[in-house]
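S.K.: need a structure here:
(one chain, ligands or ions: 1)
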Amino acid sequence: MSAVATEAPTLTVRDVSVSIGGSRILRGVNLDIRPKTVFCLMGRNGVGKTTTLKAITGLMDANAGHVNLLGTEISRMSPEKRALKGIGFVPQGREIFPQLTVEENLYVGTIARGRKPKKEELDRVFTLFPIIKEFLPRKGGMLSGGQQQQLAIGRALLTRPKLLILDEPTEGIQPNIIDQIGDAIKMLRDEGEMAILLVEQYLDFCKELGDDFAILERGRVAADGPMSGLSEELIKEFLTV
Ligand SMILES: Nc1ncnc2c1ncn2[C@@H]1O[C@H](COP(=O)(O)OP(=O)(O)OP(=O)(O)O)[C@@H](O)[C@H]1O
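M.R.: Modelled structure (predicted):
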């Protein structure tokens, strides 16, 4: 077993349940996300992937269960407090402010913390996504979907997360930008400062990037383990439509 595998997890989710309007959406979800790895949360439409992310980030309250980030119980904290503890979230749809410039969008997360990003933090984002530097004065709404995704990831990175959470980053994005986002995820993982939790329906993207996976089915983890264990049988049973 490698040294990495024996390190304490960056995030543990234990028996997390969420109900919305009387229906049980999550029914005791368990996840262990190791440091310096990419973890892919997979499953068909409507199985509870986004709800799991919201229970982790605090955007949705869990009825039961525990979420622990780097040894700290965060499940009763506000989303803002969880962000300060080290959770960076890039939501589905990216949530770029269309009327703000790219530069203003980029600074939103750090300014909310009362500071401006440091030059080396900005340079790191520009190295990952050179287009952001080129388009700094443009309005966010003028960017393509893929460029907005890069901007949203850049914005999250400036908060120096310990866990970067990405909800369907490839959705509706052209292939060359998907490749750039994949390369950026690999680079971030290899730098070793964070773990990355990826919700993704694009199977090849997950297989290429993921170290570990979990498959959700009706609000529960139906299978999990190292990505090498994602068999054709599991894909057929839980992922193909
Ligand atoms: N605010 C809400 N009110 C009512 N039902 C909801 C709400 N949010 C989610 N649901 C329901 O909870 C279930 C899980 O939704 P969730 O968005 O977590 O699934 P998902 O796996 O992320 O799906 P997708 O791949 O379509 O995004 C779905 O049946 C959805 O209709």
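S.K.: which ones are touching the most centrally placed residue in the chain?
M.R.: Centroid-nearest residue in the chain, with CA atoms, centre = their mean: Ile165, separated by 1.6 Å. Taking CB atoms under 8 Å, 6 or more residues apart in numbering, we find Ile165 in contact with 53, 56-57, 87-90, 196-199. The way it works is simple: take the backbone N, C-alpha and C, and place the C-beta from them, glycine included.
S.K.: Could you dump those residues into TSV with distance to Thr159 added?
M.R.: Listed next are these as TSV, based on distance: CB to CB, whole Å:
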residue	distance to Thr159
Leu53	16
Ile56	16
Thr57	12
Ile87	9
Gly88	5
Phe89	10
Val90	11
Ile196	14
Leu197	15
Leu198	18
Val199	19
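S.K.: Which helix or strand lies directly C-terminal to the lowest-mean-pLDDT helix or strand in the chain?
M.R.: Lowest mean confidence among the helices and strands of the chain (mean pLDDT, DSSP states H and E): helix 3-6, at a mean of 53. As assigned by DSSP states H and E, the chain's next helix or strand after helix 3-6 is strand 11-20.
S.K.: now, among the contacts of Ile165, which is nearest to the ligand?
M.R.: Ranked by distance to the ligand (CB to the nearest ligand atom), the contacts of Ile165 are led by Val199 at 6.6 Å.
S.K.: Was I right to think that closest one contacts Lys49?
M.R.: Yes - counting by CB atoms under 8 Å, Val199 touches Lys49, with 4.5 Å between them.
S.K.: Which neighbours do those two have in common?
M.R.: 41-42, 167.
S.K.: Not counting its neighbours along the chain, what's nearest Val67?
M.R.: Take Val67 and drop its neighbours on the chain: the residue closest to it by CB to CB, 6 or more residues apart in numbering is Ser75, 4.3 Å away.
S.K.: for Gly65, same thing?
M.R.: Distance criterion CB to CB, 6+ apart; nearest residue to Gly65, sequence neighbours excluded, is Val16 at 3.4 Å.
S.K.: I figured that neighbour was touching Met60, is that so?
M.R.: No - counting by CB under 8 Å, Val16 stays clear of Met60, with 10.1 Å between them.
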